[in-house]
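S.K.: What shape does this take:
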Amino acid sequence: MKSLFIAFGLFCASLTMSAQGYWQQKVDYKMAVDFDHTNHQYTGKQTLTYFNQSPEEINQVFYHLYFNAFQPGSAMDERSRNIEDPDPRVGSRISKLTPAEQGYLHVKSLKMDGKTVSFVENETILEVMLPKSIPAGGKAVFEMEFVGQVPLQIRRSGRNNSEGIDYSMSQWYPKMCEYDEDGWHPNPYIGREFYGVWGDFDVQITMDKSYMIGATGELLNPAEIGKGFTKDESKIKLIQGSKLTWKWKAVNVHDFVWAADPDFVHDQIQVPDGPMIHFFYQADPAYVENWKKLPEFTSKAFQHLSKHFGKYPYPVYSVIQGGDGGMEYPMATLITGNRKLPSLVGVTVHEAAHSWYQGVLATNESLYPWMDEGFTSYASAEVMDQLFASPAANPHDNAYADYSSLATDGKEEVLSTHADHYNTNHAYGSASYSKGEVYLAQLGYIVGEEMLDQIILRYFETWKFKHPDANDFIRVAEKESGMVLDWYNEYFVNTTKTIDYAISGLMSDDQKTEVVIERKGLMPMPLEVEVVYTDQTKELFYLPLDIMRGEKKMKGYNGKWTIMSDVNWVKENIVVTINKPSKAIESITIDPTDTMADIDRSNNSVQLEEGIQLLMINR
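M.R.: All right, here's what the predicted structure looks like:
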């Protein structure tokens, strides 16, 4: 996020200020937790160094306490029981949890720079008023003691999931809320999206030595752990006592996840010029063969993603069986694992692609869930098309179909809706995943496929390890393509206006044929009209939109490419003149590649019979 400010003599070594500049906060977590698997509870100590890299002083801070959502009467419980179409994984389950089954996360003490700080726990948010402000460019050290109880697995986090994994430990620690140019983001947790501060994590987890743990980051003490983490068995230290401490380090991430089970099998594969990927799963005889095949597919996926979406920047990644479906975290994912091979690969690829979108390009996914889920869906569809060749010409066909259904069922809400505030889960899911995917695929229609590839890579290099928003992305697209594209976001992101073009008339004489194209939808687009002649040659008429202030370069088309005059965006009827009579024409089609999100394709083409001189359609 950009922040406009004037620096009146203020200079900080840690913060470079200008009339207009980007800034983001930074944290450094050091945590040690002692876990008691007999009662599913843990105690923890956290030292958090907070670097205020904003141009403003800070006099309060907020923490997320996610596990408090898993209590009857919580906001998440109320939301789930009252929304029109509740997530079946949640439903009314929270309301029925007993005290021993509930989750909680409570802060027992908090100090700032050595001085005791007062705080108020407001369900999933800890509100902290500071005894002194943290100045712009300054820092503060917060020391905390906390306790937690792991709830029955309901949504993302919890114990004893449906496949028998003991602990899926996501959103398990007091996590500092993000502060950016829009202020604080202490959003109560209702089961949707996340937003975190970039920083480093040093985490020690002590629990019964029977457990295998997979987590975000690199394991620092493999010789103490054994369990296949070191090949030199002579270096494994004798474990004393009943517990074992796992030490993890993750640099420049915005969250930390771990999972534990005594029955985990641990495999790994080295990606060429990429990370070491670890796999943690239960060796269910019905699915173990699929898990044994998964590493090779995952390695290929990472290679493709690094080539086409930006190089994966971390040394490791972990695929961990756990959770309630698939959920991404930095350097790791939790997935359910009792799946057929294509499904197992598919969920792994999707969650791995989140390492690019939200993992490294850390948009506020509460405000821009479509930039997280939609871009990830686009990337994972591209990868799956390489791993399992699809018979469909467009690997994003399913997303287009789902978006079209959403746009015509009366439930659609604008993409700029905050993730927590969608009226239905259906509208949230179809918009964030499918319309977000279509957003990228359709941008390729506007600027050209090769240009889209360039934009995607430039976006990654420009905004990695930052918090880009929708305007940041489209500005990269404009700079790379040389086009003006603000109109695209204005229509497709900020409204629910739809695209619908139709061939509404055709007039011909012995010299030429005129095709009348009607804009029935409220969103204008550049047009591609393909004419197939009776001799089987093709001609594509390209009509740029005037507000683009540019045009795409067509490459790879097997036919004649004819550029027409720019179309004024307000025009409701457009005439395309073909310098041949209708008897020489076999068919005319708007958008032959189906990459424009036209909600009614039934009126996009017409077949002509030889000898027809005059045809009026739908007029």
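S.K.: Quick check: V117 vs S299, distance?
M.R.: Remark: distance between V117 and S299 (CB to CB, to the nearest Å) = 47 Å. Glycine gets a C-beta too; all of them are placed from N, C-alpha and C.
S.K.: mind giving me the domain split of this structure?
M.R.: For the chain, automatic domain parsing gives the domain ranges 23-196, 384-492, 501-616.
S.K.: what's the span of the first one, first residue to last?
M.R.: Which is domain 23-196. 14 Å (CA to CA, to the nearest Å).
S.K.: next one: that domain to chain centre, how far?
M.R.: 21 Å (CA atoms, centre = their mean, to the nearest Å).
S.K.: Likewise for the shortest one?
M.R.: On the basis of CA atoms, centre = their mean, domain 384-492 sits 11 Å off its chain's mean C-alpha point.
S.K.: Roughly how far does A32 sit from Q454?
M.R.: 46 Å.
S.K.: Revised request: answer the last question for M112.
M.R.: On the measure of CB to CB, M112 and Q454 end up 47 Å apart.
S.K.: So which residues of the stretch 151-300 of the chain form helices?
M.R.: Using DSSP state H, counting those that start in this stretch, the helices of the stretch 151-300 of the chain run over residues 222-225, 288-309.
S.K.: Tell me where the model's unsure across the stretch 301-450 of the chain.
M.R.: In the predicted model of the stretch 301-450 of the chain, residues 391 satisfy pLDDT under 70.
S.K.: All the strands of the stretch 251-400 of the chain, in order from the start?
M.R.: 258-261, 264-270, 276-282, 316-321, 326-329, 332-335 (DSSP state E, counting those that start in this stretch).
S.K.: So which of those is nearest Y422?
M.R.: strand 326-329 (18.6 Å; CB to CB).
S.K.: Point out the other helices and strands that the closest one packs with.
M.R.: Contacts defined by 3 or more CB pairs under 8 Å, 6 or more residues apart in numbering; DSSP states H and E place strand 326-329 against strand 332-335, helix 341-353.
S.K.: sorry, back to before: so which of the helices of the stretch 151-300 of the chain comes closest to L485?
M.R.: helix 288-309 (19.9 Å).
S.K.: what sits against the most centrally placed residue in the chain?
M.R.: The C-alpha lying nearest the average C-alpha coordinate of the chain belongs to D372 (CA atoms, centre = their mean; 2.2 Å). When contacts are counted by CB atoms under 8 Å, 6 or more residues apart in numbering, D372 touches 193, 354, 357-358, 363, 365, 432, 436.
S.K.: got TSV for the residues you listed, with distance to R159 too?
M.R.: Formatted as TSV, the contacts of D372 follow (distance: CB to CB, whole Å):
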residue	distance to R159
E193	23
H354	24
Y357	29
Q358	25
T363	31
E365	26
S432	28
G436	32
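S.K.: Show me which of the residues you listed is closest to E461.
M.R.: Distance to E461, by CB to CB, is smallest for Y357 among these, at 14.4 Å.
S.K.: Tell me how many other residues crowd that closest one.
M.R.: 27 (other CB atoms under 10 Å).
S.K.: Isn't it up against F375?
M.R.: Yes - between Y357 and F375 there is a contact under CB atoms under 8 Å: 4.2 Å.
S.K.: Of the strands of the stretch 251-400 of the chain, which is nearest V447?
M.R.: Taking those one by one with CB to CB, strand 326-329 is closest: 27.7 Å.
S.K.: How is A427 assigned, secondary-structure-wise?
M.R.: What DSSP: H, G, I helix; E, B strand; the rest coil gives for A427 is helix.
S.K.: contacting residues for it?
M.R.: 406, 411-413.
S.K.: And for D453?
M.R.: So D453 contacts H308 (CB under 8 Å, 6+ apart).
S.K.: Roughly how far does it sit from N489?
M.R.: Counting by CB to CB - D453 and N489 are separated by 20 Å.
S.K.: before we move on, which element is I503 in?
M.R.: Element membership of I503, judged by DSSP states H and E, is strand 501-508.
S.K.: So what are the sheet partners of that strand and their directions?
M.R.: strand 513-519 (antiparallel), strand 614-616 (antiparallel) (DSSP bridges).
S.K.: The very next helix or strand once past the first one versus strand 513-519: what angle between them?
M.R.: This points to strand 513-519. For strand 513-519, the succeeding helix or strand toward the C-terminus, using DSSP H and E, is strand 527-533. Inter-element angle recorded for strand 527-533 and strand 513-519: 150 degrees (by axes from the mean of the first three to the mean of the last three CA atoms, to 10 degrees).
S.K.: Just the mean pLDDT for strand 527-533, thanks.
M.R.: The predicted model assigns strand 527-533 a mean pLDDT of 97.
S.K.: helices or strands up against it?
M.R.: strand 513-519, strand 538-543, strand 573-578, strand 585-590.
S.K.: Other residues contacting the helix or strand encompassing S133?
M.R.: Element membership of S133 [criterion: DSSP H and E] is strand 125-134. Identification of contacts with strand 125-134 by CB under 8 Å, 6+ apart yields 50, 52, 57-65, 107, 110, 112, 115, 117-121, 140, 174, 177, 186, 188.
S.K.: Ok, stretch 549-558 next?
M.R.: So stretch 549-558 is in contact with 446-448, 450-451, 481-484, 526, 538, 540, 542, 544, 561, 563, going by CB under 8 Å, 6+ apart.
S.K.: Can you say which of the strands paired with strand 501-508 is nearest to N604?
M.R.: strand 513-519 (9.5 Å).
S.K.: mind checking how far the closest one is from the chain centre?
M.R.: On CA atoms, centre = their mean, the centre of strand 513-519 falls 40 Å from the chain's centre.
S.K.: Rounded mean pLDDT for it, please.
M.R.: The average pLDDT within strand 513-519 is 97.
S.K.: Likewise for stretch 292-300?
M.R.: Averaging pLDDT along stretch 292-300 yields 98.
S.K.: how about that stretch: buried residues?
M.R.: 294-295, 297-300 (16 or more other CB atoms under 10 Å).
S.K.: ditto for stretch 110-129
M.R.: With burial defined by 16+ other CB under 10 Å, the residues of stretch 110-129 counted as buried are 110, 112, 117, 119, 124-126, 128.
S.K.: ok, now stretch 408-423?
M.R.: Buried-residue list, stretch 408-423, by 16+ other CB under 10 Å: 411-413, 415, 417, 419-420, 422.
S.K.: And the contacts of it?
M.R.: Taking CB under 8 Å, 6+ apart as the rule, stretch 408-423 contacts 83-84, 187-188, 190, 192-193, 365-367, 369-370, 406, 424, 426-428, 430-432, 435-436, 439, 470, 492-496, 498, 599.
S.K.: what do you get if the cut-off is 6 Å, keeping everything else the same?
M.R.: 190, 192-193, 366, 369-370, 406, 424, 426-428, 431, 493-494, 496, 599 (CB atoms under 6 Å, 6 or more residues apart in numbering).
S.K.: and what of stretch 582-591?
M.R.: Against stretch 582-591 from outside (CB under 6 Å, 6+ apart): 501, 508, 513, 515, 528-534, 604-608, 610-612.
S.K.: Select only the buried ones of those residues in ChimeraX?
M.R.: In ChimeraX syntax, the buried subset of these is picked out as below (16+ other CB under 10 Å):
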select :501,508,513,515,528,529,530,531,532,533,604,605,606,608
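S.K.: what about the closest residue in space to V253 that isn't next to it in sequence, neighbour count?
M.R.: Nearest-residue entry for V253: P330, 3.6 Å, with adjacent residues in sequence omitted and distances by CB to CB, 6 or more residues apart in numbering. Neighbours of P330 under the rule other CB under 10 Å: 25.
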